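Q: based on what follows, work out the 3D shape:
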Amino acid sequence: MHSLRPTHNRLRRLAGLGPADFFATAVERWEICPAEVGEVMPGIWLPDQVEHISRTEFGSLPNILEQMQGNPAEQIPPTLGYRFRDVDFVDGVLHARGAERHLRQHKRSGLGYARPRESLTGALYESWIGNRWFGNWLLNDCLAYRLAEEAGAPVTSAPLRGGHIARYEELLGMAPRRIGDVHFDELILFDDLQSNSHRRGRAQRNRALVLQGRALEPLPGVFIFRGASGDARILENEAEIAERLEVEYGFRTLYIDRHDADELAQAAGAARIVAGVEGSQLAHGVIAMAPGGTVLTLQPADRVTTSLKLLTDCWQQHYAMVVGSGTARGYRVEWDQIRRTLDLIAAQTA
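A: Residues are numbered from 1 along each chain as shown. The predicted structure follows:
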């Protein structure tokens, strides 16, 4: 049987109606954690850092400033669950009647698709950003997995992978059903991006699982070396910074292409500061570092973001930033800025 659901959605957009709200097609909605009032800790940065910013990413400059300001009484929305019926998952896209939700970059085109032959019921915990960036998978999708697990049938379109991801799945006890194109007789999704008490509790559960059985020896900090991995953010004096942090502050340098998930967790779990170029590799530190620790990001002036702060807030960690000079294709962060920021971290987290 052929489905024309993609055509219906395109016609809606052509008519100027805009994309339909996928969650509005749910047959049931329930509250997993109610709305709350909670503290969002202020970010830590030197007073002149905003003057160095030439461009922001994943948010405007006012958004960045608001995040760095923090809020002692933030209104935190609820965590919600949704139940859907009669949903197709084809080529990375969920198709309901009148709405669609993209979870991956789709590879096919056309006015319709062949209806999947396989039917099942499940709770999908993956997201577009989690499928795009490792850090969001580890710190967002793996938290949503705990909700899918409680729903009874976690499923994902992600294939079996090796390296860090496979080991984290093992450490976190993740055993989802892996799917291709399927029809969901019943599908459960979650709205779970709010750092409320329920999500923070799941974050600490995942930390405990990653660190289970490890004897941690206190460490002043770790520097997680990014190099040329991932999207380009080339810190030209990265090696020099790593060396000075080792010599002058007792940090340990970690390399994601040399150290496995266990070695990364062992070191970051004992550290008070996790430092490095802003990017997904810092997620190894966020998941393992204790509440009250600090993530120090080194950022190019043309790609300043606080997207990671939304996650350190959930892990109850401080977030610090130093903005360098240059662009993401090549920038430098002066040692004096790092030294003064470390002094500021020490003063504000004592």
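
Q: residue ranges with poor pLDDT in the stretch 1-150 of the chain?
A: The stretch 1-150 of the chain contains residues with pLDDT under 70 at 1-19, 108-111.

Q: all helices of it, in order?
A: For the stretch 1-150 of the chain, the helices defined by DSSP state H, counting those that start in this stretch occupy 5-14, 61-69, 128-132, 134-136, 142-151.

Q: for the closest residue to Thr297 other than its chain neighbours, give me the pLDDT.
A: Distance criterion CB to CB, 6 or more residues apart in numbering; nearest residue to Thr297, sequence neighbours excluded, is Glu278 at 4.0 Å. Every residue, glycine included, has its C-beta placed from N, CA and C. Predicted confidence (pLDDT) for Glu278: 94.

Q: again, but for Thr297
A: pLDDT for Thr297: 97.

Q: how about the secondary structure of it?
A: strand (DSSP: H, G, I helix; E, B strand; the rest coil).

Q: contacting residues around it?
A: Ala275, Gly276, Val277, Glu278, Leu282, Leu308, Tyr319, Ala320, Met321, Val322 (CB atoms under 8 Å, 6 or more residues apart in numbering).

Q: can you tell me the SS state at the last one?
A: Using three-state DSSP, the structure places Val322 in strand.

Q: before we move on, back to that, right, and the residue nearest to Thr297 touches Leu298 too?
A: Yes - under the criterion of CB atoms under 8 Å, Glu278 makes contact with Leu298 at 6.7 Å.

Q: out of the contacts of Thr297, what pair is the most spread apart?
A: Largest separation among those by CB to CB: Val277 and Tyr319, giving 14.6 Å.

Q: which parts of the stretch 251-350 of the chain are strands?
A: Remark: strands assigned in the stretch 251-350 of the chain by DSSP state E, counting those that start in this stretch are 252-255, 273-277, 294-299, 318-323, 325-327, 330-332.

Q: TSV for the ones you listed, including distance to Leu219?
A: Listed next are the strands of the stretch 251-350 of the chain as TSV, based on distance: least, CB to CB, whole Å:
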stretch	distance to Leu219
strand 252-255	6
strand 273-277	9
strand 294-299	13
strand 318-323	17
strand 325-327	30
strand 330-332	26
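
Q: out of these, which comes closest to Asp91?
A: The nearest among the strands of the stretch 251-350 of the chain, by CB to CB, is strand 273-277 at 33.6 Å.

Q: contacts made by that closest one with the rest, please.
A: 220-226, 233, 235, 238, 245, 251, 268, 282, 285-286, 289, 293-299, 342, 345.

Q: quick one: strands adjacent to it?
A: Sheet pairing for strand 273-277, assigned by DSSP bridges, gives strand 222-225 (parallel), strand 294-299 (parallel).

Q: what distance separates the start and the end of stretch 92-100?
A: 10 Å (CA to CA, to the nearest Å).

Q: residue contacts, the residue lying closest to Asp302 once chain neighbours are set aside?
A: Spatially, and ignoring its direct neighbours in sequence, Asp302 is nearest to Arg55 (4.3 Å; CB to CB, 6+ apart). Taking CB under 8 Å, 6+ apart, we find Arg55 in contact with Ala301, Asp302, Arg303, Val304.

Q: from Ala232, how far out is the third one?
A: Right, the one you point to is Arg303. Distance, Arg303 to Ala232, by CB to CB, to the nearest Å: 9 Å.

Q: returning to what we had before: count of residues packed around the residue nearest to Thr297?
A: 27 (other CB atoms under 10 Å).

Q: look at the residue lying closest to Thr56 once chain neighbours are set aside and report its pLDDT.
A: The shortest distance from Thr56 to any residue other than its chain neighbours is 5.1 Å, reached at Val304 (CB to CB, 6+ apart). Val304 carries a pLDDT value of 95.
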